[in-house]
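Student: Below: sequence and its predicted model.
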Amino acid sequence: MHPFCYPLIAVVLWAGNTLVGKVSAEVISPAAISFYRWALAALILTPFILPQVWRLRRVVTANLLKLSVLAGLGIVAFQSLAYVAAASTSATNMGLIGATVPLITMVFSTLILRDAPTLGGLFGALISFTGLAILLSGGDLAGLSSQGVNRGDLLLLAGASAYALYGVLIRRWVIPLNLWQSLYVQILFGLVWLSPAALLSPSMAVSNEALPLVLFAGIAASIVAPYCWMKGIDILGANNTTIFMNLVPLMTTASAVVLLGEQLSWAHGVGGSLILSGVLLAQLWRRALPSLRPQPAD
């Protein structure tokens with residue numbers, strides 16, 4: 001298989017998972033699909049990963065708090081907020097708002113990791129957040145302050161911010177576990193985080209319509225996609241693989257129009273184009289900002 005196929009498969013599955021989240025709003029509660037998705041992933045991974053984690057239990061114990069926080073951000077907040085948001089926003093918006101994660105990550109990286117800001121990051125952020133404002137306002141920027149933001153879109157933005165913070169903390173906290181071991185432990189913590197909502201949910205039933213959605217989310221999006229993404233990074237390198245992530249909102253939008261019959265407005269086109277353009281600019285133009293410190297005299 002061609003190396004490009006690995007990240008391409010991953011982004012196709014993640015785009016599909018956005019549609020699954022939208023469709024799930026009508027057939028299963030957010031608490032149920034969130035819990036069952038990760039329970040299924042944990043069940044499949046346990047025979048392969050648990051023995052490794054058990055041998056490294058001292059490492060896990062020493063990093064319990066960090067792993068729990070990561071699970072709360074990446075497994076619980078990011079995914080669960082998307083399932084809740086799906087009831088009041090479109091799959092198109094879910095994909096386009098999710099595209100802001102790289103830029104929000106850059107902001108957090110500058111604040112937390114003290115990464116040097118770049119010209120591409122600065123101008124890319126301005127362009128993308130302009131596009132985000134157009135998208136969230138439906139093109140009516142003047143009415144944004146008075147009408148507010150759609151609840152679902154606001155939840156998606158909060159989820160994107162949580163996942164961006166997750167990505168930054170993964171870099172800051174060097175935990176001596178490989179990616180699968182770390183993911184497995186985070187899934188277990190995520191199930192603990194999700195248990196109260198599952199216990200308090202009015203219904204945890206899985207109908208015949210909901211079962212394929214749970215299977216897709218638990219297997220394709222949670223196991224197959226991460227495997228393909230990691231394989232892509234191993235073969236192509238992180239920078240080349242990351243570029244493929246920009247295809248997720250495009251695939252999500254196209255799929256939402258064809259499969260769900262969603263209608264696109266000019267705000268989707270203009271806002272989405274600006275968001276993606278800003279992200280690409282930030283990824284490709286990595287020239288550091290000129291120093292603001294006075295230069296020493298000769």
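Tutor: Received, thanks. Numbers count the residues shown, from 1 in each chain.
Student: burial measure for Tyr83, as a count.
Tutor: By other CB atoms under 10 Å, the residues close to Tyr83 number 24. All C-beta atoms are positioned from the backbone trio N, CA, C, and that covers glycine.
Student: tell me which strands and helices the host helix or strand of it is in contact with?
Tutor: Here Tyr83 sits within helix 78-85, counting by DSSP states H and E. Contact here means 3 or more CB pairs under 8 Å, 6 or more residues apart in numbering; DSSP states H and E; on that basis helix 78-85 packs against helix 5-24, helix 30-55, helix 91-98, helix 151-172.
Student: how far out from the middle of the chain is that helix?
Tutor: Here helix 78-85 is found 10 Å from its chain centre; the criterion is CA atoms, centre = their mean, to the nearest Å.
Student: I figured His104 hits Ala160, correct?
Tutor: Heads up, residue 104 is Ile, not His. Yes. Taking CB atoms under 8 Å as the definition, Ile104 is a contact partner of Ala160 at 6.0 Å.
Student: Of the two, give the one with the bigger neighbour count.
Tutor: Remark: of Ile104 and Ala160, Ala160 carries more neighbours, 25 against 21, as counted by other CB under 10 Å.
Student: Hmm, that one is touching Leu103, no?
Tutor: No. With contact defined as CB under 8 Å, Ala160 does not count as touching Leu103 (9.5 Å).
Student: before we move on, back to that, from the helices and strands packed on helix 78-85, which stretch is densest packed?
Tutor: Comparing the helices and strands packed on helix 78-85 by mean neighbour count (mean count of other CB atoms under 10 Å), helix 91-98 ranks first with a mean of 26.
Student: Buried residues of the strand or helix carrying Val214, list them for me.
Tutor: In this structure, Val214 sits in helix 211-215 according to DSSP H and E. Residues of helix 211-215 classed as buried by neighbour count (16 or more other CB atoms under 10 Å): Leu213, Val214.
Student: Fine by me, we can end here.
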